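Engineer: Just to be clear, the model below is a prediction. Sequence and coordinates:
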Amino acid sequence: MAREMPMPATAGAALAQKARRDQALGVTIEARYTIGEYDIAILSARESTGLETWLRENRYRLPAGASRALQPYVRQGLKFFVAKVNLAEQAKTGFAYLRPLQFAFDYERFMLPVRLGMLNANGPQDLVVYALTRNGRVETTNYRTVRVPADVELPTYVRGEFPAVYKALFETQSKREDYRVVWTEYFWDMAWCDPCAADPLSPDELRRAGVFWLDGDVSPAGAPASEKPRAGGAQPVLLTRLHLRYTRDTLPEDLMFQETRDRQNFQARYVLRHPWQGDTAACAEAKPYLDEVAARQEREAQTLVRLTGWDPAKVKTRMSMHPATTPKWWERLWR
C-alpha cells in the first residue's frame with residue numbers, strides 16, 4: 001500500500017515557523033551577526049520564563065532557576081547579549097584559545113549586571129573591575145568601597161612568595177567583611193608618574209580599552225588645558241582597579257558605580273625593611289639597634305598574622321628574627 005510521505009519544509013517555511021515560535025515565547029531577536037569566532041544575538045523579552053525556554057531550545061546551556069535570575073532584567077527592559085562559539089570560524093582565526101568578548105553600549109545607569117553569574121556559581125566568586133575615567137576615582141554606591149590594607153611593614157621573606165601572601169590577605173580580609181565590601185586595590189592618574197607601578201598604557205592601548213575621549217573632537221567642552229588630549233605618553237585618563245569576592249547571599253543587587261572627584265593616587269604597597277647583616281662586635285650602637293630590629297620584626301610578624309590569618313608560630317619560623325640582646329646583670333645595676 002503506497003503511503004504519501006510528507007514533503008520537507010522549505011527554508012522559508014522553517015524560518016516562518018521559528019519566528020512564530022519566538023513570538024509565542026515573547027522573545028525578539030534585535031540583531032544577529034558573526035564576529036570572529038562568535039555567533040552573537042541581541043535579544044529582548046517580555047517574560048523571563050519565555051526567555052529561558054528560548055535559550056534552552058536554541059541550545060544554550062542554563063542551570064536550574066535561570067528564569068528567576070533573568071526576571072529583574074526583563075522587568076527593566078534590558079537587552080540580552082548572548083554568544084555561541086562558531087568552531088568553523090574559530091579555526092580560521094589561527095588562535096588555539098578563545099579571544100575575550102569586547103562590546104560597547106550607551107546606558108544612563110553606571111552599573112554592572114553581575115547577578116546572572118551566580119546561576120552556576122560554586123562557592124565565592126571573584127570579580128576584578130578596571131574603570132577608565134576622565135575626572136576621578138570610581139566607587140560603588142550600593143556597597144561599601146574600602147581601600148585594601150596597605151602601607152604596612154611585613155617580614156622580608158614574603159618577597160619570594162608574595163602571590164600566596166596577597167591571596168591569603170585578600171581572602172582573610174574579605175571573609176572578615178562577610179564578603180560585602182568592594183576593595184580598591186589601585187587608583188592612578190596616568191598623566192604623571194611619581195612613581196608608576198608600571199608604564200602607563202599607550203594611547204592605542206587606551207583606545208582599544210574603550211577610552212573614547214583621547215580624540216580632540218570628543219573632548220569635553222571647555223575642559224582645562226591639563227585635561228586636553230596629549231601627544232606624548234601621559235594621557236588624561238584615571239585608572240581604578242576594584243576587587244570583589246562575593247556569594248549569592250552577600251550580593252543581593254547588581255553593582256552600581258559612580259565617578260567621584262577624588263584624584264588622590266593609591267596603590268597597595270607593602271614595606272620590607274632588611275636589617276643590617278654586618279659585624280656588630282666593634283659597634284657601640286649595635287645593642288640598641290639589634291633590640292629595635294627584634295621589636296620591629298615582632299611587629300612585622302603580628303601584622304602578617306593579622307592580615308592573613310596565618311599561624312603565628314609558622315610565620316616566626318619563616319623569619320630570620322634577630323633575638324633581642326639580654327642585658328648582663330651588671331648592666332641592670334649600673335646603667
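Structural biologist: Ah, there it is. All figures in this text were calculated on a predicted structure; none of them were measured in a lab. Numbers count the residues shown, from 1 in each chain.
Engineer: How is this structure divided into domains?
Structural biologist: Domain ranges of the chain: 16-87, 108-272, 286-333, per automatic domain parsing.
Engineer: Looking at these, spot the one closest to residue 101.
Structural biologist: Checking those against residue 101 by C-beta to C-beta gives domain 16-87 as the closest, at 6.3 Å. (Each C-beta comes from the backbone N, C-alpha and C, glycine too.)
Engineer: now the end-to-end length of the closest one.
Structural biologist: 27 Å (C-alpha to C-alpha, to the nearest Å).
Engineer: And for stretch 125-143?
Structural biologist: For stretch 125-143, the first-to-last residue distance is 16 Å (C-alpha to C-alpha).
Engineer: For the stretch 51-200 of the chain, which segments count as strands?
Structural biologist: 80-85, 111-112, 125-133, 138-140, 144-147, 152-153, 181-189 (DSSP state E, counting those that start in this stretch).
Engineer: about what we covered before: for the domains of the chain, give me a markdown table that also has mean neighbour count and distance to residue 100.
Structural biologist: Formatted as a markdown table, those follow (neighbours: other C-beta atoms under 10 Å; distance: least, C-beta to C-beta, whole Å):
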| stretch | mean neighbour count | distance to residue 100 |
| --- | --- | --- |
| domain 16-87 | 15 | 10 |
| domain 108-272 | 15 | 11 |
| domain 286-333 | 14 | 32 |
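Engineer: quick revisit: in JSON lines: the strands of the stretch 51-200 of the chain, plus mean pLDDT and distance to residue 68.
Structural biologist: Output for these, formatted as JSON lines (pLDDT from 0 to 100; distance: least, C-beta to C-beta, whole Å):
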{"stretch": "strand 80-85", "mean pLDDT": "94", "distance to residue 68": "15"}
{"stretch": "strand 111-112", "mean pLDDT": "92", "distance to residue 68": "20"}
{"stretch": "strand 125-133", "mean pLDDT": "95", "distance to residue 68": "18"}
{"stretch": "strand 138-140", "mean pLDDT": "98", "distance to residue 68": "24"}
{"stretch": "strand 144-147", "mean pLDDT": "97", "distance to residue 68": "27"}
{"stretch": "strand 152-153", "mean pLDDT": "97", "distance to residue 68": "43"}
{"stretch": "strand 181-189", "mean pLDDT": "95", "distance to residue 68": "25"}
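Engineer: For residue 166, which of the ones you listed is the nearest?
Structural biologist: Closest to residue 166 of the strands of the stretch 51-200 of the chain, according to C-beta to C-beta: strand 181-189, at 9.5 Å.
Engineer: Identify all contacting residues around the closest one.
Structural biologist: 137, 139-140, 143-148, 170, 173-174, 196-197, 238-244, 255, 262-268 (C-beta atoms under 8 Å, 6 or more residues apart in numbering).
Engineer: among those residues, which are in helices?
Structural biologist: Assigned to helices by DSSP state H, the following of these qualify: 170, 173, 174.
Engineer: Leaving out the residues flanking it, which one is nearest to the second one?
Structural biologist: Just to be clear, that refers to residue 173. Once flanking residues are discounted, residue 173 sits nearest to residue 149: 6.4 Å by C-beta to C-beta, 6 or more residues apart in numbering.
Engineer: ok, the one you found - contacts?
Structural biologist: Counted by C-beta under 8 Å, 6+ apart, residue 149 has contacts 169, 173, 268, 307.
Engineer: what's the weakest-modelled helix or strand in the chain?
Structural biologist: Lowest mean confidence among the helices and strands of the chain (mean pLDDT, DSSP states H and E): helix 329-333, at a mean of 62.
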